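A.B. asks: Predicted structure and sequence below. I'll ask about it afterward.
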Amino acid sequence: MRKCLAFLTTFAFLIAACAAPPPAEADHPDLEHAQQTLLDFFSLLAAGDYAAAASLHAAEDESYEDARRNNPDVDANDRAALLEAACTFQLQCLEIREVLSAAQVGTDQYDFVVTFSNSDGSLFVLGPCCGEDETSMPPVSEFVYRVEVRGGGFFVLGSPVYVP
């Protein structure tokens with residue numbers, strides 16, 4: 001009888017363990033929302049909807065300082081125009097191809113490692129530049145971005161990939 005009871009108890013635990021569903025994205029709605037914000041931001045940039053993209057980008061992000069410095073003829077307070085100029089002249093504003101990893105790294109911070117697609121659908125790879133070779137400056141195809149929650153909204157930090 002004891003063997004039977006032990007067997008049934010073990011069997012019940014095995015069934016319960018197998019029946020428990022793995023954690024789904026829906027179990028982490030803020031992480032999912034942060035990821036969707038990042039996907040939307042880059043999709044809007046790639047489509048040329050700079051005003052909508054600017055609404056998903058952290059206004060005080062240092063990347064605007066780079067855009068202001070590199071585009072002095074653009075109104076320094078017009079974030080949409082700064083994004084447009086930066087995407088036209090300095091940055092690769094591409095669609096995200098794949099989210100390789102997503103993690104909550106703080107109470108209101110989420111980090112993502114992504115790859116991008118070129119306009120022809122191929123993987124975007126940032127190669128060596130400025131007189132370097134692949135040994136001294138290996139090609140990069142994975143990029144890290146942070147999304148933060150501020151005032152109840154989700155905002156992307158950082159800028160698209162800079163290509164000199």
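C.D. replies: Alright, I've got the coordinates. Numbering: from 1, shown residues only.
A.B. asks: For the strand ranked longest in the chain, give me every contacting residue.
C.D. replies: Longest strand in the chain by number of residues (criterion: DSSP state E): strand 95-106. For strand 95-106, the external contacting residues (C-beta atoms under 8 Å, 6 or more residues apart in numbering) are 28, 30-31, 34-35, 38-39, 42-43, 46, 110-117, 123-124, 142, 146. Any C-beta I mention is one placed from the backbone N, CA and C, and that applies to glycine too.
A.B. asks: Give me the sheet partners of it and which way each runs.
C.D. replies: Paired neighbours of strand 95-106 in the sheet (DSSP bridges): strand 109-117 (antiparallel).
A.B. asks: Now do the buried residues in the strand it pairs with.
C.D. replies: Within strand 109-117, the residues that qualify as buried by neighbour count (16 or more other C-beta atoms under 10 Å) are Y110, D111, F112, V114, T115, F116.
A.B. asks: any residues touching it, and which ones?
C.D. replies: Against strand 109-117 from outside (C-beta under 8 Å, 6+ apart): 30-31, 34-35, 38, 42, 92, 94-105, 123-124, 141-149, 161.
A.B. asks: Equivalent analysis for stretch 54-68, please.
C.D. replies: Stretch 54-68 is contacted from outside by 37, 40-41, 44, 74, 76, 79-80, 82-83, 85-86, 90, 148, 150, 154-159, 162, using C-beta under 8 Å, 6+ apart.
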